[in-house]
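K.L.:
Can you look at this prediction? I've put the sequence above it.
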Amino acid sequence: MGTISSLHPAVFYALISALVLSMFVPDSSPAATNSPAHDTPVPRRIVMVIHGGAGTIRRSSMTPEREKKYRDALAKALRTGYKVLAGGGASVDAVEAAIRTMEDSPLFNAGRGAVFTHEGKNEMDASIMVGDTRNAGAVASVSNIRNPITAARRVLDSSRHVMLVGEGAMHFAHEQGLRFEPDSYFFTQERWDRLQKAKAADESQSGMLPYLSGDKFGTVGAVALDAKGTIAAGTSTGGLTDKQWGRVGDSPIVGAGTYADNRTCGVSSTGTGEYYMRGVLAYRVSALMELAGVSLHDAVHRVIHEDLVAIGGTNTGGMIALDAAGNVVMDFNTAGMYRGYIRADGEPHTYLYDEGD
């Protein structure tokens, strides 16, 4: 076999040229390319579930016109959140967006439709949590902030704290440039009339005011799963009609009204907050899944129909929950709960009454 130097000059130069070119032309073999199959994550299902409060919500007491208003409002919130998720947005953005639409509606006890305190004020609470880092933000006893859920989100993103309350929370919201509204924006005649009725009721029972057995426990909430597999949850409320002495419920309390953990689930609660705080019920769902291997459905059912009832919470509320696989649960021990969900097909499903709704 001859050496390279013995080759014909034309062949020699052709070999040298090929060798030099091979040093600069990228390798096009499948193993070396940044092909979509290797670099693009497998798309995950996007899901959102929401609620607008639980209580005595019966078809017999609902006109067709009013029912349509509630279903339309729920569908609007679901579509708003879905638009964020479908565009590749984060679950925390979708949760905030969906809750804002419900806060802007006078139909729900949050934001614009918030109930009145004993003194005739609107005092609102909200929280939001992200399941990958388990970071959270919350505000409590705030007034005049148009969207308390956005104030909670700013606490999460722009503060070293988890919860801000009262004047301090409102000062922070002003610094963040959030939108404030006058008292008249939050006024609804229905809520005002309900306050007058509550104040006229007998308040002689020690430690348990009449509003705790009221006909509707209004709160709004959302839980979402985004394409990256991150779960987020949020809750917003005006609290309980006729509440006194700076009362704060479960909605802004991480672990009671709101919880999110990518390893298990996201939860938003609605009901009489005193019970949810005492039982740390949102976190309890996650703990049952993590520590006892219970399914999402069974964990929520146990919390709402056993644990809540065991501490006196019969007929006092419900929960929405969503796990990392996209399973949705909407459970309650009242006559009904405003609720709904939306999946990757973009079709909202809304419910008001019992499971046969």
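P.N.:
Looks like it came in fine.
K.L.:
which residues does the closest residue to M102 other than its chain neighbours bridge with?
P.N.:
Leaving out its chain neighbours, the residue that sits closest to M102 by Cβ to Cβ, 6 or more residues apart in numbering is V220, at 4.1 Å. Every C-beta, even on glycine, is put in place using the N, C-alpha and C of the backbone. Under DSSP bridges, the beta-bridge partners of V220 are S236.
K.L.:
Might you report the residue contacts of V220?
P.N.:
V220 is in contact with 50-53, 77, 99, 102-103, 108-110, 235-237, 270, counting by Cβ atoms under 8 Å, 6 or more residues apart in numbering.
K.L.:
quick check, nearest of these to A335?
P.N.:
Proximity of the contacts of V220 to A335 (Cβ to Cβ) peaks at G53, which lies at 12.1 Å.
K.L.:
do you know how far that closest one is from L195?
P.N.:
17 Å (Cβ to Cβ, to the nearest Å).
K.L.:
Tabulate the CA atom coordinates of the host helix or strand of S269 in PDB.
P.N.:
Assigned by DSSP states H and E, S269 belongs to strand 265-271. The C-alpha coordinates for strand 265-271 follow below in PDB (Å, rounded to 0.1, in the frame of the first residue of the first chain):
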ATOM      1  CA  CYS A 265     -51.800  19.000  44.900                       C
ATOM      2  CA  GLY A 266     -53.100  22.500  45.000                       C
ATOM      3  CA  VAL A 267     -56.200  23.500  47.100                       C
ATOM      4  CA  SER A 268     -58.500  26.400  47.500                       C
ATOM      5  CA  SER A 269     -61.100  26.400  50.300                       C
ATOM      6  CA  THR A 270     -64.500  28.100  50.800                       C
ATOM      7  CA  GLY A 271     -66.600  28.000  53.900                       C
END
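K.L.:
The helix or strand just after it - what's its average pLDDT?
P.N.:
Downstream of strand 265-271, the next assigned helix or strand under DSSP H and E is helix 273-279. Helix 273-279 comes out with an average pLDDT of 96.
K.L.:
what's next to helix 273-279, contact-wise?
P.N.:
212, 239-240, 248-251, 253, 256-257, 269, 281-282, 303, 307-308, 311-313, 316-317.
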